[in-house]
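Trainee: Everything below, folded, please.
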Amino acid sequence: MNNNQDHFKFSTGVIAYPVFFVLTIWLVFWFEVRFGFNFSKYGIYPQTFKGLRGLFLSPFLHGSIQHLYHNSIPLFVLSMALFYFYRPIAWKVIFYGIIVSGFLTWCIGRPSYHIGASGLIYVLVSFIFFKGVFAKHYRLVALSLLVIFLYGSMIWYALPLEEGVSWEGHLSGLITGLLFAFIFRKAIAKPKKYVWEEPHYNEDDDPFLKHFDENGNFIETIEPEPEQEQPKVNYTFKKNKE
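Mentor: Residues are numbered from 1 along each chain as shown. Have a look, this model is predicted:
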């Protein structure tokens with residue numbers, strides 16, 4: 001397993017990959033508007049064989065400029081956090097997150113085309129929050145709290161409260177993120193363990209604790225341990241007689 005330095009390491013991909021993803025969905029929308037296409041039919045249409053193609057295509061499709069704009073910022077921020085804090089598993093979370101959340105949407109969704117990157121966004125929100133809680137690493141816990149502060153209100157859109165919103169896709173994303181937090185539980189940075197937390201730690205060998213007696217009182221002088229007498233080795237030489 002990689003150490004903490006491998007997990008929290010900045011690279012160009014931390015910014016480049018999210019920028020590329022966001023630019024791609026904007027280019028797809030621009031292509032639709034510029035040439036008069038409507039790719040909504042390539043989204044997820046639940047419980048139909050043809051609708052399965054939306055598992056891979058729906059995150060790149062959006063119904064309006066407002067829909068696209070509201071998804072772009074959280075997608076960029078959350079994916080950037082994913083590539084920085086969870087770089088070894090970032091691509092797995094994104095790729096399998098799109099497929100699994102899309103398939104769940106296909107299973108439970110209403111008979112309509114479900115499009116947009118919001119399902120992936122909910123995967124990232126759920127995954128980053130629960131992973132930080134499970135890790136108990138101070139950086140990841142802080143990231144979890146920040147995600148809840150910024151996007152905690154999104155939980156309400158996983159309920160059927162607003163017409164025209166794919167709450168099924170949002171709910172599928174939340175479930176998928178929680179599932180991945182368990183599946184990738186070992187692929188996370190571990191909190192640093194101090195010497196006294198190690199199982200082989202012995203208080204009698206601790207040089208700091210030797211300055212205190214059994215009652216916790218400070219000992220001004222410590223008697224040096226007697227040096228062990230080194231064994232003497234004698235060499236003898238014998239000349240050969242000619």
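
Trainee: State the distance from residue 37 to residue 89.
Mentor: 35 Å (CB to CB, to the nearest Å). Yep, even glycine has a C-beta here, placed from its N, CA and C like the rest.

Trainee: Would you agree residue 46 is in contact with residue 102?
Mentor: No - using CB atoms under 8 Å, residue 46 makes no contact with residue 102, being 10.3 Å away.

Trainee: follow-up on the earlier one: with neighbour numbers in mind, choose between residue 37 and residue 89.
Mentor: residue 89 (18 against 10; other CB atoms under 10 Å).

Trainee: Give me the residue ranges of the protein where confidence is low.
Mentor: Where the chain drops to pLDDT under 70, the residues are 1-10, 186-242.

Trainee: which residues sit against the longest helix along it?
Mentor: If you go by DSSP state H, the chain has its longest helix at helix 13-35. Residues outside helix 13-35 that contact it (CB atoms under 8 Å, 6 or more residues apart in numbering): 37-39, 59-62, 65, 68, 71-72, 75-76, 79-80, 83-84, 87, 90, 117.

Trainee: tell me which residues of it are tucked away?
Mentor: Within helix 13-35, the residues scored as buried using 16 or more other CB atoms under 10 Å are 14, 17-18, 21-22, 25-26, 28-29, 32.

Trainee: now do stretch 51-64
Mentor: Buried residues in stretch 51-64 (16+ other CB under 10 Å): 51, 54-55, 57-63.

Trainee: Check stretch 64-83 too.
Mentor: Result for stretch 64-83 [16+ other CB under 10 Å]: buried residues 67-68, 70-72, 74-83.

Trainee: Restricted to helices, list those.
Mentor: Using DSSP H, the members of the buried residues of stretch 64-83 that fall within helices are 67-68, 70-72, 74-83.

Trainee: one step back: out of residue 46 and residue 102, which sits in the busier spot?
Mentor: Set residue 46 next to residue 102 and count neighbours by other CB under 10 Å: residue 102 wins out with 29 against 19.

Trainee: any idea how far residue 104 is from residue 179?
Mentor: From residue 179 to residue 104 the distance is 10 Å (CB to CB).

Trainee: And these two? Which one has more around it.
Mentor: Neighbours per residue, other CB under 10 Å: of residue 179 and residue 104, the larger number sits with residue 104, 22 against 19.

Trainee: Okay, and that one sits in which element?
Mentor: For residue 104, the enclosing helix or strand under DSSP states H and E is helix 90-108.

Trainee: what's the angle from that helix to helix 13-35?
Mentor: Angle between the axes of helix 90-108 and helix 13-35 is 50 degrees (criterion: axes from the mean of the first three to the mean of the last three CA atoms, to 10 degrees).
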